[in-house]
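[1] Coordinates only, no sequence provided:
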C-alpha cells in the first residue's frame, strides 16, 4: 500500500484473513456434518460425507427413536427427543436428530443419545420406560 495510507488491521494480521476465516468456518457447520466429516477423515475417506435417510423399517426397529434426552449446558437444562434417524453416506454411522422443546435441532451419535437419555419409548406400543442410571 502507498505510504501514509492507513492499512486495515486485517492486512497486518498473520495468517492472512482467508486463512483465519477458513479456520473458523467449521463453527457454522451443523454438528452432524462435523461429526460425519471427522468420521470420514478418521477412515481416510476423501469423499464428502452427507446425511441420508435411514429406511423407515430400520428407524422403527431402533430403540432410540423417540427417546427423551436432557442435557445441561452452562447451567441451563435442555430437554428434547429423537425426532428422526439419519445415516452418514460414507461412515454409515447413525446420527440421531434431536428436537428440543424450544424447537432447536441437533444431531447426536448413538453414544451421545445414551449419555443424555432420560427415557425411551418401548416399541410401537408407546409405553415409556425410565433409563437405568
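    On my side now, so go ahead. Everything numeric in this text was worked out from a predicted model, so none of it was measured. Residues are numbered from 1 along each chain as shown.
[2] CA only for contacts and neighbour counts going forward, please
    Will do.
[3] Residue 116 is in contact with residue 72, isn't it?
    No: between residue 116 and residue 72 no contact is recorded; they are 9.1 Å apart, counting by Cα atoms under 8 Å.
[4] More neighbours: which of those two?
    More neighbours sit around residue 116 than around the other of residue 116 and residue 72, counting by other Cα atoms under 10 Å; the figures are 18 against 10.
[5] how far away is the more buried one from residue 101?
    15 Å (Cα to Cα, to the nearest Å).
[6] Show me where the chain has its helices.
    Ranges of helices within the chain are 9-12, 17-24, 31-42, 56-61, 110-116, based on DSSP state H.
[7] what's the least confident stretch among the ones you listed?
    Mean pLDDT across those is lowest at helix 17-24; the value there is a mean of 44.
[8] hey, what's the residue lying closest to residue 100 once chain neighbours are set aside bridged with?
    Here the nearest residue to residue 100 in space, its sequence neighbours aside, is residue 80; by Cα to Cα, 6 or more residues apart in numbering that works out to 3.8 Å. Note on residue 80: beta-bridge partners residue 69, residue 100, judged by DSSP bridges.
[9] what's near enough to touch residue 80?
    Applying Cα atoms under 8 Å, 6 or more residues apart in numbering to residue 80 gives the contacts 68-70, 98-101.
[10] And those, which of them are buried?
    By neighbour count, with 16 or more other Cα atoms under 10 Å, these hold 68-70, 98-100 as buried.
[11] so where's the chain shaky on pLDDT?
    Filtered on pLDDT under 70, the chain yields the residue ranges 1-47, 121-133.
[12] one more time with 50
    1, 10-11, 13-29, 32, 40, 42-45, 123-133 (pLDDT under 50).
[13] Count the neighbours of the residue lying closest to residue 87 once chain neighbours are set aside for me.
    For residue 87, the nearest residue in space outside its immediate sequence neighbours is residue 94; the separation is 4.4 Å by Cα to Cα, 6+ apart. Other residues near residue 94 number 21, with proximity taken as other Cα under 10 Å.
[14] quick one, what contacts residue 94?
    85-88, 109-110.
[15] May I see the PyMOL selection of the buried members of the residues you listed?
    This is how PyMOL selects the buried members of the contacts of residue 94, with burial counted by 16+ other Cα under 10 Å:
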select buried, resi 85+86+87+88+109
